[in-house]
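*Asks:* sharing a model prediction with you, sequence too.
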Amino acid sequence: MKRLNLLLFSTMLLLSACAPPAAVRPATETSATPDTFSSPAPDRATTGSTAVNPGQPLSSRPDVQAFIQEMVTQYGFNARQLQVTFSQAHAQPSIIAAMSKPAEAKPWYTYREIFVNPKRIQGGITFWQANAAALADAEQAYGVPAAIVVAIIGVETQYGGNMGKYQVLEALATLAFDYPRRAAYFRKELENFLLMTRAEGIDPLTPRGSYAGAMGYGQFMPSSFQSFAVDFDGDGHRDLWRNPRDAIGSVANYFKKNGWRSGEPVAVPARISGNRYLDLVSRQLSPPKTRVADLQAQGVTPTEPVDGSQPAMLLELVGRTGPEYWLGFDNFYVITRYNRSQLYALAVYQLSQAISGQREQ
């Protein structure tokens, strides 16, 4: 769930704090264009810290020194090496500013256009052609359709075209020590980042990603890297920045471990009648529990053939000309584990359908 660049334009999206199963990025982000991010309205009393000083090496700070000692004690890191590393890194106030922006709500029809457009569709076809063997192998190994993997990478980083410009160490350290609102979460991510770079033999000062520390083609946070990244080409390293095969396998593995059901549907459009459906509209992200047959009895009709025993959630979105209704199934819910947003999940699905449809033509 990466030298990461975070998905943008967080929209009215139901993003919760990262808790198992962890989202790939922090739960307050969505990615549309690289490094553009909206978070929930900040708690003005705890959003920033006067400790932010871009000219001060992180190693000179007592809180960072305490963290270094913890890494030495708990994980056997070399104290001198960590001192040298943190002496070359600095807090970045621009990251605090980006994290503290109020949430930016976008209606579905606007959000959709960010991702499901000719440029991203054509880019997906090109990426698929260039990585067809890896995508086929990942689908065989994990049961996740190639189109879904391609769409995720397209939404996250425009197929690797923009993985983020921030030094991941500085991004995570800034948020761990100068952003009290999420300090515990980002401190743990910084811990995982150092464990990751040690295991992979990477200089901690080298990786670049989003301003929240998301990395690589699929924008994995360090904890997601630790849990889901795979060495899909067998070279002994999990490289999500320069090796699309590893990135493809890792995204597919993330979906598999979060419950993807091979061969089952993701979502279908629906029509509604009467007003009994109102109480059935899903406002929170939870696994679907209501059978399609029961939804039909309340005036919800899928526009495509669906097994009546299939559990589904009813989605109500803001379309350009009025409400738009969809049924989301278990695999739709799995996509929201990557980014906790109904809009994100539906955009990924529709992009995957558009890419696979045009590719077949």
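*Replies:* Yes, it's here.

*Asks:* residue ranges in this structure under the pLDDT threshold?
*Replies:* 1-23, 25-54, 101-105 (pLDDT under 70).

*Asks:* so which bits of stretch 320-340 are buried?
*Replies:* Within stretch 320-340, the residues scored as buried using 16 or more other C-beta atoms under 10 Å are 324-340. The way it works is simple: take the backbone N, C-alpha and C, and place the C-beta from them, glycine included.

*Asks:* out of the residues you listed, which are inside helices?
*Replies:* Judged by DSSP state H, the buried residues of stretch 320-340 include Asp330, Asn331, Phe332, Tyr333, Val334, Ile335, Thr336, Arg337, Tyr338 as members of helices.

*Asks:* okay, now Phe67: neighbour count?
*Replies:* Here the number of neighbours of Phe67 (other C-beta atoms under 10 Å) works out to 21.

*Asks:* kindly report the same for Lys257.
*Replies:* Residues near Lys257, counting by other C-beta under 10 Å: 15.

*Asks:* roughly how far does it sit from Arg283?
*Replies:* For Lys257, the distance to Arg283 (C-beta to C-beta, to the nearest Å) stands at 27 Å.

*Asks:* now the strands for the stretch 251-361 of the chain?
*Replies:* 267-272, 290-291, 300-302, 311-318, 323-328 (DSSP state E, counting those that start in this stretch).

*Asks:* with distance to Glu360 added, can I get these in CSV?
*Replies:* Shown next, in CSV, are these (distance: least, C-beta to C-beta, whole Å):
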stretch, distance to Glu360
strand 267-272, 19
strand 290-291, 32
strand 300-302, 23
strand 311-318, 27
strand 323-328, 23
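
*Asks:* elements contacting the helix or strand where Ala184 lies?
*Replies:* Counting by DSSP states H and E, the element that carries Ala184 is helix 183-200. Packing partners of helix 183-200 (3 or more C-beta pairs under 8 Å, 6 or more residues apart in numbering; DSSP states H and E): helix 62-75, helix 168-178, helix 222-228.

*Asks:* what's the most buried one of those?
*Replies:* Per residue and on average, the most neighbours among the helices and strands packed on helix 183-200 fall to helix 168-178, with a mean of 27 (mean count of other C-beta atoms under 10 Å).

*Asks:* any idea how far it is from the chain center?
*Replies:* In terms of C-alpha atoms, centre = their mean, to the nearest Å, the centre of helix 168-178 is found 19 Å from the chain centre.

*Asks:* cool, and stretch 166-185?
*Replies:* Worked out by C-alpha atoms, centre = their mean, stretch 166-185 lies 17 Å from the chain centre.

*Asks:* same check, this time on stretch 316-328
*Replies:* On C-alpha atoms, centre = their mean, the centre of stretch 316-328 falls 23 Å from the chain's centre.

*Asks:* contacts for it, please.
*Replies:* Residues outside stretch 316-328 that contact it (C-beta atoms under 8 Å, 6 or more residues apart in numbering): 107-109, 266-272, 281-282, 288, 292, 295, 300, 302, 306, 312-315, 342-343, 345-346.

*Asks:* buried ones among those?
*Replies:* 108, 266-268, 270, 272, 282, 288, 292, 295, 300, 302, 306, 312-315, 342-343, 345-346.

*Asks:* wait, which of the strands of the stretch 251-361 of the chain is closest to Ile114?
*Replies:* strand 311-318 (14.4 Å; C-beta to C-beta).

*Asks:* look up how far Leu351 lies from Trp108.
*Replies:* 14 Å.

*Asks:* now the ones in helices among the buried residues of stretch 320-340 in CSV, with distance to Pro207?
*Replies:* Output for those, formatted as CSV (distance: C-beta to C-beta, whole Å):
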residue, distance to Pro207
Asp330, 34
Asn331, 31
Phe332, 32
Tyr333, 31
Val334, 27
Ile335, 26
Thr336, 27
Arg337, 24
Tyr338, 20
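
*Asks:* nearest to Ser224 among those residues?
*Replies:* Of those, the one sitting nearest to Ser224 (C-beta to C-beta) turns out to be Tyr338, at 9.1 Å.

*Asks:* grab the nearest non-local neighbour of that closest one.
*Replies:* Val24 (5.3 Å; C-beta to C-beta, 6 or more residues apart in numbering).

*Asks:* same check on Glu139?
*Replies:* Glu139 sits nearest to Ala146 (C-beta to C-beta, 6+ apart), 5.1 Å away.

*Asks:* hang on, the one you found packs against Asp137?
*Replies:* No: the pair Ala146 / Asp137 is not scored as a contact, 9.7 Å apart, by C-beta atoms under 8 Å.

*Asks:* so which of those two has more stuff around it?
*Replies:* Ala146 (23 against 18).

*Asks:* separation between the more buried one and Gly124?
*Replies:* For Ala146, the distance to Gly124 - C-beta to C-beta - is 10 Å.

*Asks:* I figured Glu304 hits Val268, correct?
*Replies:* Yes: assessed by C-beta under 8 Å, Glu304 is found in contact with Val268 at 4.5 Å.

*Asks:* quick revisit: next SSE downstream of the helix holding Ala184?
*Replies:* Using DSSP H and E, the helix or strand that directly follows helix 183-200 along the chain is strand 208-209.

*Asks:* just checking: what are the partner strands of that next one?
*Replies:* Using DSSP bridges, strand 208-209 pairs in its sheet with strand 166-167 (antiparallel).

*Asks:* which ones are touching the residue nearest to Tyr338?
*Replies:* Met1, Lys2, Glu156, Ala214, Gly218, Gln219, Phe220, Met221, Ser224, Tyr254, Tyr338, Asn339.

*Asks:* can you check Arg198 too?
*Replies:* Here Arg198 is in contact with Phe77 (C-beta under 8 Å, 6+ apart).
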